[in-house]
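1. got a predicted structure here, sequence first:
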Amino acid sequence: MQTIVTAGFGRRTLIKSGLALTALAAPPIISARGEVPVRIGMVDPLTGILSALAASEVEGAKYAVERINKKNGILGRQVELLVEDSANDVGTGVQKTRKLIERDKVDVIFGDVNSGIAYAMSQVTSELKVFHIVPGGHTDPITGTDCKWNVFRICNTTSMDAAAITSDLVKRFGKRFFFITPDYAYGHTLQDNFVKNLKALGGEYQAEMLPINTSDFSASLIKAKAYKPNVLLNNMGGLAQINCMKQFTQFGMQKEMHLGGALFELEVIKAVPADAQSGSWSMEWWWNQPNVPEAVAFVADFRKATGKTPSARHWFGLVAVESVRLGAEKAKTLEGPKLSLAMEGLELPPDVALQPGKVFYRAGDHELMANIFVGDVHPPKTNPDDVFTVTALVDGEKAAGSVESTGCKMVHPA
Amino acid sequence: MSTTTVTVTTAATAQPRPWLTTAIIWALLLTVPLWLPMLGGYTALAGRVLVLGLAAMSFNLLLGFTGVMSFGHAAYFGLGAYGAGLTLKYLTASTPLAIVAGVLLGGLAGTLFGPLIVRRRGVYFAMVTVAFGQIAFYVAYSWDSLTGGYDGLRGFSRAPLDLGFITVDITNNATTFYYFLLIVFGIATGLQALLLASPFGRTLVAIRENERRARFLGIPIERHIWMSFSISCAFTALAGALYALLNNFADPMGLHYSLSGEIVIMTVMGGMRAFWGPLVGAALFVVLQDYISSMTVNWMSFVGLIFVLVVLFFPRGLLGMLQKGTGK
């Protein structure tokens, strides 16, 4: 009885496997095109250090999908959002992108929060001619030197964030800066942009480059004290950024100089202890805009639907889905090349832009030109999410500079 | 004395029908584009299995067949990827040359690093390999101008294969590229099998089984471990070079110790005493990651659970267990 075959695969197993294979191999029932949903594939790092930001983007996109489906979908078709975890790893991100396009036949791709993965994904999407939106990966080249015909970005570039806050800090506090910057690509780009803008305004600076995982900032903070700057720029990221803020407060330095930095996010501020919630920062979207009725209505509805206050990441997710709807309505199709052309120069309506002024995708580099919210971080006031007060709105297009200065040369497929 | 003899004999006959396993695996690999889509897969997934499988099999030359544990093999994998990527970006648009450059970069790094660690054993060996891996990681991370830093090395893509009489387009056709990967995988694993069947391979197994005894027999242990380490690194670098071609991208996470850990998990899960074990482990890991991560963000818990179960109940790994089952 104990033959080679029966030891590994029993008769029943063999029959069951055969049936399963037959069922899988059966031709699928083809339904009418109008019944086929519009499929959007979203690749984001749901696990790993960026997971909190990714989760918000996905939540924002899901909210928008529900909102659109209630209003007849995109081109009369319902929308389906397929979310995949890139695990903050390039190989996984690329593999998931191929899976979504080749197997799940998605019409559009979103992602990734990690700029490196977003770039690697864009190589796949442009090769397969699929329309691609990067909701929240900040590195400049995606809409700069490495720009692609099919890739649009919603969040700002690192340069835009730096440019927006520099003039505000100089105006309010003075021209003498001290930088604490992480010693890798992102930090260098950020500091270079700060320095460029600061020099243009006639300022001076000193800088300290530190390893990315620095936890003790005492030596650098003592140097900063000696330099007596008007503003201490904290360019660190993640936990290091929070540690730097905590030690700045512990040393009582807020009495001697002002604290500032390029980018802060609601998800991150909430992770900082109340006594360290301070300084001037820029946000890419902020929920508390009492003078914008559309934003007030959206925040109320979003809170009702999810129980949360929307962050900039939620807004990125919402704008991504709504942009596909607007672009598809203009192009009357979801084909990558036509959709891309329709998106160039597309202006977001007030219920999607959710902020004052003109918000549009610049044709030359496919970057969304939105306002940058500059202001002060503080401990919660009226509610737990009231931790930031906007002091100025900076025009995104001014902060971005010209298309030529980004280094983007857009080439559309023939 | 007698115990040792018995163990060696068992190890030598651990694969009663190796040709059967090999035949099944090759039949499956050759027909992937036919059956994988029917099971809800896609060709790029199979490409990833091949590449990570090759990395795990190369790592297993060291762990499974020499008995030395490295926790820093991602370093050579990543160096292979950067070697291939840098060649394509800065030197020449030739896929074979990129592969050769990747193998040389990773292989030479392993060969130069080897003499520093061959006298270490156990946890000390593992710790030093982790340290070297992290050095490579931070170099790639910090050297923006050459490697692209944290954002990764971009701006290169695999070039079509020019065979003189015909040009094979591996750039846009997923199936053609899969078969290209399969051919390279076949050559690499063929060489590994020849190596293990040679007197050198048997000597490595002897070192694994009883290092002291092998030393008394006059075998230069350190030199053999060094050679095994170098060869293993070169094959891992080959996998890394293929990975760069698969993604058209290389990034510092390809050098990170977390990937080294994943390679160890794949190898142990599949079976480190079986030649094809690591490939089975890599297939299981990649497929689990692909399917479960679409359903839950806690997919690593499932991989971890399976890993624990395999270690507890099937210490020979999945393939080791299957072969044991069919061998009787």
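-> Arrived safely. Predicted model only: the values in this text are computed from it and were never measured.

2. ok, which stretches of chain A are strands?
-> A:38-44, A:79-85, A:108-110, A:131-134, A:151-153, A:176-182, A:204-210, A:231-234, A:258-263, A:280-283, A:360-361, A:368-369, A:372-377, A:388-394 (DSSP state E).

3. the fifth one packs against which elements?
-> For strand A:151-153, the packing partners by 3 or more CB pairs under 8 Å, 6 or more residues apart in numbering or on different chains; DSSP states H and E come out as helix A:115-127, strand A:131-134. Every residue, glycine included, has its C-beta placed from N, CA and C.

4. now render the ones you listed as CSV, adding mean pLDDT.
-> CSV is the format used below for these (pLDDT from 0 to 100):
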stretch, mean pLDDT
helix A:115-127, 87
strand A:131-134, 96
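
5. show me where pLDDT drops low in the stretch 201-328 of chain B?
-> Across the stretch 201-328 of chain B, the ranges flagged by pLDDT under 70 are B:324-328.

6. residues from the stretch 151-300 of chain A in reach of chain B?
-> A:183-186, A:188 (CB under 8 Å from any CB of the partner chain).

7. where neighbours are concerned, which of these has the most?
-> Neighbour counts for these (other CB atoms under 10 Å in any protein chain shown) peak at A:Ala185, which has 23 neighbours.

8. which other residues reach stretch A:329-337?
-> For stretch A:329-337, contacts defined as CB atoms under 8 Å, 6 or more residues apart in numbering or on different chains pick out A:38, A:74-75, A:107-108, A:125, A:129-131, A:149-150, A:324, A:328, A:338-339, A:341-343, A:346, A:412-413.

9. quick check: closest non-adjacent residue to B:Gly80.
-> Closest residue in space to B:Gly80, ignoring its immediate chain neighbours: B:Gly240 at 2.7 Å, by CB to CB, 6 or more residues apart in numbering or on different chains.

10. now do B:Ala234
-> Using CB to CB, 6+ apart, the nearest residue to B:Ala234 is B:Gly107, at 3.2 Å.

11. surely that neighbour is in a strand?
-> No: B:Gly107: not assigned to a strand; according to DSSP: H, G, I helix; E, B strand; the rest coil it is helix.

12. any idea how far it is from B:Leu238?
-> Remark: distance between B:Gly107 and B:Leu238 (CB to CB, to the nearest Å) = 8 Å.

13. what parts of the stretch 1-150 of chain B come near chain A?
-> B:17, B:37-45, B:48, B:141-142, B:144, B:148-150.

14. what is the burial count for A:Ala118?
-> Neighbour count for A:Ala118, taken as other CB under 10 Å: 29.

15. that older thread, am I right that the residue nearest to B:Gly80 sits in a helix?
-> Yes: assessed with three-state DSSP, B:Gly240 lies in a helix.

16. looks like it contacts B:Ala81 (just checking).
-> Yes: between B:Gly240 and B:Ala81 there is a contact at 4.2 Å, judged by CB atoms under 8 Å.

17. and the residue nearest the centre of chain A?
-> Nearest to the geometric centre of chain A sits A:Gly136, at 1.4 Å (CA atoms, centre = their mean).

18. okay, stretch B:113-120 in PDB with CA atoms only?
-> Backbone C-alpha positions of stretch B:113-120 (Å, rounded to 0.1, in the frame of the first residue of the first chain) are rendered in PDB as follows:
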ATOM      1  CA  PHE B 113      36.200  39.800   3.900                       C
ATOM      2  CA  GLY B 114      36.400  36.000   4.300                       C
ATOM      3  CA  PRO B 115      39.900  35.700   5.900                       C
ATOM      4  CA  LEU B 116      38.900  38.000   8.700                       C
ATOM      5  CA  ILE B 117      36.100  35.800   9.900                       C
ATOM      6  CA  VAL B 118      37.000  32.100   9.100                       C
ATOM      7  CA  ARG B 119      38.500  31.600  12.500                       C
ATOM      8  CA  ARG B 120      35.200  32.700  14.200                       C
END
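
19. about what we covered before: nearest to chain B, of the residues of the stretch 151-300 of chain A next to chain B?
-> Nearest to chain B, judged by CB to the nearest CB, of these is A:Ala185 at 3.4 Å.

20. could you check the pLDDT of that closest one?
-> Predicted confidence (pLDDT) for A:Ala185: 68.

21. check the one 10 residues further on too.
-> In this prediction, A:Val195 carries a pLDDT score of 92.

22. show the contacting residues for it.
-> A:205, A:207.

23. need the per-residue pLDDT for the residue of chain B found nearest chain A.
-> Proximity of chain B to chain A (CB to the nearest CB) peaks at B:Gly149, 3.4 Å away. We have a pLDDT of 81 for B:Gly149.

24. what do you get for the one 4 residues further on?
-> In this model, B:Leu153 is scored at 87, pLDDT.

25. who's it bridged to?
-> B:Ala250 (DSSP bridges).

26. that one against B:Asn248, yeah?
-> No: judged on CB under 8 Å, B:Leu153 makes no contact with B:Asn248 at a distance of 10.0 Å.

27. the two: which is more packed in?
-> Neighbour count, other CB under 10 Å: between B:Leu153 and B:Asn248, B:Leu153 has more, with 25 against 20.

28. need the contact list for that one.
-> Contacts of B:Leu153 by CB under 8 Å, 6+ apart are B:82, B:85-86, B:89, B:147, B:249-251.

29. ok, residue 263 - contacts?
-> Just going to use chain A. Applying CB under 8 Å, 6+ apart, one finds that A:Leu263 lies in contact with A:138, A:161, A:281-284.

30. the intended chain is chain B.
-> B:52, B:55-56, B:59, B:73-74, B:77.

31. how many other residues sit next to the residue nearest to B:Ala234?
-> With other CB under 10 Å as criterion, B:Gly107 counts 23.

32. quick check: it vs B:Gly64, distance?
-> Distance of B:Gly107 to B:Gly64, given as CB to CB: 20 Å.

33. surely A:Ala164 touches A:Ala399?
-> Yes: if you go by CB under 8 Å, A:Ala164 and A:Ala399 touch, sitting 4.4 Å apart.

34. just the buried subset of the residues of the stretch 1-150 of chain B next to chain A, please.
-> B:41-45, B:48, B:141-142, B:144, B:148-150 (16 or more other CB atoms under 10 Å in any protein chain shown).

35. of those, which belong to strands?
-> Among these, DSSP E puts none in strands.

36. out of these, which are inside helices?
-> In this view, these that belong to helices under DSSP state H are B:43-45, B:48, B:141-142, B:144.

37. which pair in these spans the largest distance?
-> With CB to CB as the measure, no two of those lie farther apart than B:Thr43 and B:Ser142, at 36.0 Å.

38. isn't B:Phe59 up against B:Val268?
-> No: B:Phe59 lies out of contact with B:Val268 (CB under 8 Å); the separation is 10.4 Å.

39. of these two, give the one with the bigger neighbour count.
-> Remark: of B:Phe59 and B:Val268, B:Phe59 carries more neighbours, 28 against 23, as counted by other CB under 10 Å.
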